[in-house]
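A.B. asks: Pasting the sequence and the predicted coordinates here, then a few questions.
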Amino acid sequence: MAAMDFFTKSDIEGAIHRIDELLACGIFQPNNSRNVLFRAAFIELLIALRDLMYKAEKFARRIAFDDDVKKTEKVQDVSDLIKFVRDALCHPDSDNHYIEAGNIKSTFNVAFGKVNVMKIGDFEQASKYEDDICFFFGSHGIYLKRHIVRAFEEAKNLLIPLLNANKPLHPNLGGGASRHPSAG
């Protein structure tokens, strides 16, 4: 496995801290669905989470559960799903927005609880769980609790032990040492 340098450790700690903040701030509650920052928070969440998925795979192991993941050529597990959604969010011209290539586009449909968002022929965009939020991009859905939070917790559990245990760089990770490597 590759060695983890100071900057990588700092990136991991920063991503963990930011994801914790985003998940705790309440922006993903139904009453905030029309908040101007709802989508921006989701974009930032997925960018940081994709980075953690990459680093977990590079330094520990791939986060590879596939519960409630629609398997396609591009998507085989939750890490692929997170990348797929992150790519859709960051690239408006991506084919990841299409249910059918060039024909039907579906971007950032959000379902709070168990609900059928749309049905077109045999295709159905539906959230199966009353206790979760599902975000839809093209033919894929990603659940907040079942995919995002679970993948985050798994990555965190793999990556935190790999960080410098004697000098944690962030107070939420068990200490409060300076972020600068020469600070001692």
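C.D. replies: Yep, it's here.
A.B. asks: The nearest residue to residue 26 once chain neighbours are set aside and residue 110, how far apart?
C.D. replies: Nearest residue to residue 26 in three dimensions, chain neighbours excluded: residue 32, at 6.5 Å (CB to CB, 6 or more residues apart in numbering). C-beta coordinates here come from the backbone N, C-alpha and C atoms, glycine included. Distance from residue 32 to residue 110, counting by CB to CB, to the nearest Å: 11 Å.
A.B. asks: Settle it for me: which of the two has more neighbours?
C.D. replies: residue 110 (19 against 14; other CB atoms under 10 Å).
A.B. asks: Beta-bridge partners for that one, please?
C.D. replies: Listed beta-bridge partners, residue 110: residue 135 (assigned using DSSP bridges).
A.B. asks: what are the ranges of the helices in the protein?
C.D. replies: Ranges of helices in the chain, per DSSP state H, are 6-24, 38-59, 78-90, 150-159.
A.B. asks: Could you identify which of these is most buried?
C.D. replies: Mean neighbours per residue, mean count of other CB atoms under 10 Å, is largest over those for helix 78-90, with a mean of 22.
A.B. asks: That one packs against which elements?
C.D. replies: helix 38-59, strand 133-137, strand 140-143, helix 150-159 (3 or more CB pairs under 8 Å, 6 or more residues apart in numbering; DSSP states H and E).
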